[in-house]
Every structure is written in structure tokens, then in C-alpha cells.
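**Student:** Here you go, sequence then predicted model.
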Amino acid sequence: MSYDFHVGQKVVCIDDTFKHVSIDQLIRKGTIYTIRWVGEYTHYVDGTFIGVKLEEIHRGNDDGPEGYGAADMPYRASRFRPLVKDKIASLRKLLAPSPDTPAEPKVKTKKTEKV
């Protein structure tokens, strides 16, 4: 999955479920947030991932009973998608060929005759 996030961007939460975690993680599905940080983050349990920190939430130190000692740990970027004002234009963008993608050559097929 490709992430095209930047600081100041509005995003919407699409996944607020955390398996095996009973502590409230503060994000809510369908809620709009503003990105204050985006980047690669390495956590000794969760590994390396692209993460985002949100203006609306400062997580503090993760030192509770299930915590891992991380300070203001980011959320995985995969839990969010960019907020789209013009949904039709964003869908058209998906269909439009990328300038980096070469056009597919047209292949001529020969008709075969049955004798």
C-alpha cells in the first residue's frame, strides 16, 4: 500500500480496532484528524511501519500495564485515509494513466486461416 500523507493533511480513521489491547487508543472510526507528523517508525514489538501522529491526540508515554515505554507513539498510517473533498475527481485520478507509466504497446494479432 502506498501512503501519500503530509503534515497538515486531514485524514479519516478507517480502523480503530486494536487486537489484544484493552486500553483505549483514543482514535475513532469515521472521525477526521489532522496529521502533525508522518514517517517511518520502529517499535521493538510491532516492528517498522509508516506512522502518523495527530494534532488532536497526544498519546504521551506508553507506560501503562500493556505499554511498551514508547513516547507519543504514532498510529499506523494504514488506519487512516486522506480526506477527499471531491470524491469523483479522486476516482478519476485512479483511472487516469500515470505519466511515469509507459503506454502499453498495441499487439497486432494475425488471423489464421483454416485449410
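**Tutor:** The structure has been received and is ready for your questions.
**Student:** Which of the helices or strands spans residue 94?
**Tutor:** In this assignment (DSSP states H and E), residue 94 forms part of helix 87-95.
**Student:** Residue 95 and residue 88, how far apart?
**Tutor:** 11 Å (CB to CB, to the nearest Å). All C-beta atoms are positioned from the backbone trio N, CA, C, and that covers glycine.
**Student:** so how many other residues sit close to residue 33?
**Tutor:** Residues lying near residue 33 (other CB atoms under 10 Å) number 21.
**Student:** Return the set of residues that bridge with it.
**Tutor:** residue 11 (DSSP bridges).
**Student:** so where do the strands sit in the protein?
**Tutor:** 10-13, 32-43, 47-54, 75-76, 80-82 (DSSP state E).
**Student:** can you put those in a markdown table and add mean pLDDT?
**Tutor:** Listed next are the strands of the chain as a markdown table, based on pLDDT from 0 to 100:
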| stretch | mean pLDDT |
| --- | --- |
| strand 10-13 | 96 |
| strand 32-43 | 94 |
| strand 47-54 | 94 |
| strand 75-76 | 94 |
| strand 80-82 | 95 |
